[in-house]
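Peer 1: Just the structure for this:
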Amino acid sequence: MITQIIQNVILGIIQGLTEFLPVSSSGHLNIAEHLMGMSDGGVFLDVMLHIGTLAAVLIFYHKLIWRLIKAFFLLIKDIFTGKFKWSKMDGDRNLIFMLIIGLIPLFLLFVPIPEIAPGVEKVKDLADLFKESRFFIVTGFSLLVTSLLLFIGIQCNKRQTGKHFQKDAQSNYDGNGRTRYGVLDAITVGIGQLFAALFPGLSRSGTTLAVGEMRGINKQAALDYTFILGIPSIIAAAVLEVKDVPKSSLNTESIIAVLCGVVAAAVVGYFAIKLFKWLLKTDRMIIFVIYTAIVGLMVVGVSVYELVTDTVVKFI
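Peer 2: Here you go, the predicted structure:
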């Protein structure tokens with residue numbers, strides 16, 4: 001049981017750090033499970049770790065989330081009373097609509113596809129396929145793509161900084177880019193999130209942040225949108241996975257071990273958000289560009305070694 005607790009705490013720390021830092025939680029969990037000889041961390045563990053990171057983002061953004069909830073019900077009221085006007089939306093109402101639009105591309109995950117492997121019947125099933133040990137190299141290349149996207153995002157943000165835009169009610173330009181998302185911005189970010197959901201190693205937060213910056217969005221506005229957009233995504237992932245939790249995994253020892261992982265994910269996740277916002281504000285994002293490139297190259301190297309020697313590298 002002690003070994004299981006240690007493994008779950010390690011996975012919880014990795015989940016908490018990488019769910020919000022732009023380095024890919026799915027990629028790092030896949031790396032950890034691969035190197036620790038775990039064929040699968042378990043559906044129940046995956047669900048609970050998602051809940052841990054969900055708690056972190058809810059606590060960190062509780063004021064904004066409560067404001068959006070109130071704005072949502074007032075919005076519904078105005079729609080039914082005929083008082084709603086798209087051109088007169090304030091920032092909160094704009095964010096609500098853009099969050100909804102940004103989630104639409106995720107429905108493509110449920111589109112049926114030809115069964116290229118056992119159990120792969122919908123687009124979302126490709127994510128599980130790519131997590132298999134034989135596709136470990138996919139994680140490496142995806143991390144390299146994350147590094148490239150983050151670098152492009154940094155360059156786009158630099159071009160925005162210091163530019164003088166004419167302010168208007170709809171776009172709210174400032175000296176660092178737009179502070180509001182438009183429909184095309186939200187759709188583009190949503191497509192980025194779709195790909196991040198499929199490829200372990202392609203960071204969701206990194207991809208959506210970089211795409212927002214490429215669209216000319218202020219980096220802090222892009223980061224807040226990224227984290228809030230992640231809330232329904234995390235909930236959806238947990239709901240979809242919970243139905244597959246085997247009852248045999250719900251024994252006292254496993255629950256205690258999983259809860260240790262959940263606490264680790266929640267605590268580390270909260271401080272990861274604070275760290276990410278500080279690093280972005282102080283223009284230190286190059287750290288993640290270098291880190292994901294190095295880890296990506298290492299994973300590709302390990303994968304090639306495993307393919308050539310027909311052995312599996314394990315550290316534990």
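
Peer 1: for the chain, what helix or strand is lowest in average pLDDT?
Peer 2: For the chain, using mean pLDDT, DSSP states H and E, the weakest element among its helices and strands is strand 173-174, scoring a mean of 56.

Peer 1: for the helix or strand following it, packing partners?
Peer 2: Per DSSP states H and E, strand 173-174 leads on to strand 177-178 as the next helix or strand towards the C-terminus. With contacts defined as 3 or more Cβ pairs under 8 Å, 6 or more residues apart in numbering; DSSP states H and E, strand 177-178 has these neighbours: helix 219-242. Placement of C-beta: from N, CA and C, glycine included.

Peer 1: Can you show me the CA trace of the helix it packs on as CSV?
Peer 2: Taking Å, rounded to 0.1, in the frame of the first residue of the first chain, the C-alpha atoms of helix 219-242 are listed here in CSV:
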residue,chain,number,x,y,z
LYS,A,219,-1.3,37.3,-22.7
GLN,A,220,-3.0,37.6,-19.3
ALA,A,221,-6.5,37.7,-20.8
ALA,A,222,-5.5,34.6,-22.9
LEU,A,223,-4.3,32.8,-19.8
ASP,A,224,-7.4,33.5,-17.7
TYR,A,225,-9.5,32.3,-20.7
THR,A,226,-7.4,29.2,-20.9
PHE,A,227,-7.9,28.3,-17.2
ILE,A,228,-11.7,29.0,-17.2
LEU,A,229,-12.1,27.1,-20.4
GLY,A,230,-10.4,24.2,-18.7
ILE,A,231,-13.2,23.9,-16.0
PRO,A,232,-15.9,22.3,-18.2
SER,A,233,-13.2,20.3,-20.0
ILE,A,234,-12.0,18.8,-16.8
ILE,A,235,-15.5,18.1,-15.6
ALA,A,236,-16.4,16.5,-18.9
ALA,A,237,-13.3,14.3,-18.8
ALA,A,238,-14.2,13.2,-15.3
VAL,A,239,-17.8,12.4,-16.1
LEU,A,240,-16.9,10.4,-19.2
GLU,A,241,-14.3,8.4,-17.3
VAL,A,242,-16.3,7.7,-14.1
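
Peer 1: helix or strand right after that helix?
Peer 2: The helix or strand immediately downstream of helix 219-242 is helix 252-281, counting by DSSP H and E.

Peer 1: what's the angle from that following helix to helix 219-242?
Peer 2: 160 degrees (axes from the mean of the first three to the mean of the last three Cα atoms, to 10 degrees).

Peer 1: Off-centre distance for helix 252-281?
Peer 2: Put simply, helix 252-281 sits 14 Å off its chain's centre (Cα atoms, centre = their mean, to the nearest Å).
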